[in-house]
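>>> how does the following fold in three dimensions:
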Amino acid sequence: MTRSPRILVVGAINLDLTIEVDRLPFEGETLVGRRLTQAAGGKGANQAVAAARLGARASFCGRVGDDDWGRLVAGRLAAEGVDTASLTIDVLRATGAAIILVEPTGKNQIIAVGGANLGVSPDDVDRAFAAGPFDALMLTLETPLATVQHAIGAAASAAIPVILDAAPPANYPLESLRGVTVLSPNETEAHALTGIAIATLDDSKRAAAMLCEGTGAKHVVIKLAGRGCYLHERCDGRLRCVIEPFKVKAIDATAAGDAFTAALTVRLCLGDSIDAALRYANAAGALATTKLGAQAALPTAADVERLLLTSPSEGEVGEAWRAG
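Reported below is the predicted structural model:
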């Protein structure tokens, strides 16, 4: 595919309130923050912006409230070149929001309030698909499960792949997510879906196999933060491998997973192998940790290419196994 891939994103759009702290608080503790900033966010919106910066034509399906926050975040999405024709104003709910605490190492804690995102409906999805055709669908679990399932079915009818970023953590039955092409949780989200705490490589192996079997996904990719990502493929030989991380100075990990998912989707649409797409995704995710904030930290295609050129030995396929 030589043209820019056209990608539909169904997910949440929020106003992010980020508080910089010296360390994350203990239970019941009050801390004094160093700085408060506000910016457009929401995993779905972040992924749409990331895809656009990486060269895709991104369209976003979601909802905002009829309020100042909604107008602010919708404006930022449009300013990034994302098609917002399927962004609906919800007159019953306020715009979604997230409170993000970030410490100097880049670790964070996030509390999200769904707001208008909880009103995204199957009808919204149908209207978005009517503006197609699209080359891929990116999904999160920020909207109601019925809407997620309807979007998966619509993508199947359109014969396009579904890349599901399984965030926020949810303990949905795995069969409720059947029809996805790529399922990509982080460690916490994999734990929520499988009950397996991801502490070792063997934990990743067992959780990924369960996710693959339960959802029928072609690829399961568990994001392992600074350790890279773990790939499980449903194919002859059942290749399992680790894609190594890129080494960068992390400041804020808020949108790293969103950059990863968008980069993976864009490169798969462009015909990359899954290994090559994951190496590219690791580079994009790493770069997103080097700046404070969500959308402000998302890299461009040129940024990713520079990191790939300057770190040729990083992000390669690591130890692999084949089932006997």
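>>> and the strands in this protein?
6-10, 14-20, 35-41, 57-65, 87-90, 96-102, 108-113, 136-140, 162-165, 182-184, 219-223, 229-233, 240-243, 317-321 (DSSP state E).
>>> could you dump those into TSV with distance to residue 205, mean pLDDT and mean neighbour count added?
In short, each C-beta sits where N, CA and C put it, glycine included. Below are the strands of the chain laid out as TSV (distance: least, CB to CB, whole Å; pLDDT from 0 to 100; neighbours: other CB atoms under 10 Å):
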stretch	distance to residue 205	mean pLDDT	mean neighbour count
strand 6-10	30	98	29
strand 14-20	34	92	22
strand 35-41	33	91	18
strand 57-65	33	98	27
strand 87-90	40	97	20
strand 96-102	31	92	22
strand 108-113	27	89	14
strand 136-140	25	98	28
strand 162-165	20	98	27
strand 182-184	15	97	27
strand 219-223	9	94	26
strand 229-233	7	88	24
strand 240-243	6	70	22
strand 317-321	7	45	13
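>>> dump these into CSV; add distance to residue 172 as well.
Converted to CSV, the strands of the chain look like this (distance: least, CB to CB, whole Å):
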stretch, distance to residue 172
strand 6-10, 16
strand 14-20, 21
strand 35-41, 23
strand 57-65, 20
strand 87-90, 23
strand 96-102, 20
strand 108-113, 17
strand 136-140, 13
strand 162-165, 11
strand 182-184, 12
strand 219-223, 15
strand 229-233, 19
strand 240-243, 24
strand 317-321, 28
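>>> mind pulling up the pLDDT for the closest residue to residue 141 other than its chain neighbours?
In space, and not counting its chain neighbours, residue 141 is closest to residue 170: 5.0 Å by CB to CB, 6 or more residues apart in numbering. Here, the pLDDT recorded for residue 170 equals 95.
>>> list the contacts of residue 170.
Counting by CB atoms under 8 Å, 6 or more residues apart in numbering, residue 170 touches 141, 145, 189, 192, 193.
>>> how near is it to residue 51?
23 Å (CB to CB, to the nearest Å).
>>> which residues does the spatially most central residue of the chain contact?
The residue lying closest to the centre of the chain (CA atoms, centre = their mean) is residue 258, at 3.4 Å. For residue 258, the contact set (CB under 8 Å, 6+ apart) comprises 43, 46, 47, 50, 165, 288, 294, 298.
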